[in-house]
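>>> Quick check, what structure comes out for this input:
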Amino acid sequence: MNCRRFQNRMQEYEEGGLSPAWRRAADEHVAGCNCCREALRRHRQLAQFLSEGLGQTAAPHHLSADVRQRILAAAEHRPALPEGRAGERVKGWGWFGWPLAFGIGLVLTALLAPGFFSRLLSGGVSRTQSAQIRPAISIRVSYPVPSYTFRREGDLVVDSITVKTNMVDETLWASGK
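Predicted coordinates for the structure are as follows:
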């Protein structure tokens, strides 16, 4: 057994998939080769990281009270843009930010407008009703949670990674002033 052969079969060595003869040859090689022993140690570290790190449970699917409060506070105290800066690109979003904001505005208008216009047609919105309308902030955040698994199928070990996307979708109502 040489280094190249051992490292090509290291996964099988770790999972016990080698024949007894190959296993003995690999054991002898690892006992006498510092390079392959170190590669095996790193391989085991990586396997442990994947099984522990990626297998952790996901955070709750809601925003904490502290985060909600900070978002609402930031929205209430947001300074206006200085003159001439309204058309600047949002940093980090490039050309995608403004079309996205426009699209979100259209979706919100489409969702909120039918109820508003039906009240107008059925008798209008009184001053007391309009005074009770509170501003809302809609938050939607998604994040991936990977899961790494191994399974044995006959003489093969199949490893797979799956990713579940978790979604946080909340509406925060600002306090009326």
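>>> Which helix or strand contains Phe102?
helix 97-121 (DSSP states H and E).
>>> quick one: average confidence on that helix?
Average pLDDT, helix 97-121: 67.
>>> Please apply the same query to stretch 8-27.
88.
>>> got the contact list for that stretch?
1, 6, 39-40, 43-44, 47, 150, 152, 155-157 (C-beta atoms under 8 Å, 6 or more residues apart in numbering). For the C-beta atoms, the positions are set from N, CA and C on the backbone; glycine is no exception.
>>> Please repeat the previous calculation with a cut-off of 7 Å.
With contact meaning C-beta atoms under 7 Å, 6 or more residues apart in numbering, stretch 8-27 is reached by 1, 6, 39-40, 43, 155, 157.
>>> and those residues, which of them are in strands?
Val157 (DSSP state E).
>>> Show me just the buried residues among the contacts of stretch 8-27.
Among these, the ones that count as buried by 16 or more other C-beta atoms under 10 Å are 1, 6, 39-40.
>>> picking that back up, which pair in the contacts of stretch 8-27 spans the largest distance?
Ala39 and Asp155 (23.3 Å; C-beta to C-beta).
>>> residue ranges with poor pLDDT in this structure?
Counting by pLDDT under 70, the chain contains low-confidence residues at 51-63, 77-98, 110-134, 174-177.
>>> Remind me which helix or strand His162 belongs to.
Careful, residue 162 is Thr; it's not His. strand 156-173.
>>> can you list contacts of that strand?
Taking C-beta under 7 Å, 6+ apart as the rule, strand 156-173 contacts 15, 17, 58, 61-63, 68, 71-72, 134, 136-151.
>>> Pull out the buried members of these.
Among these, those scoring as buried are 17, 63, 71-72, 148 (criterion: 16+ other C-beta under 10 Å).
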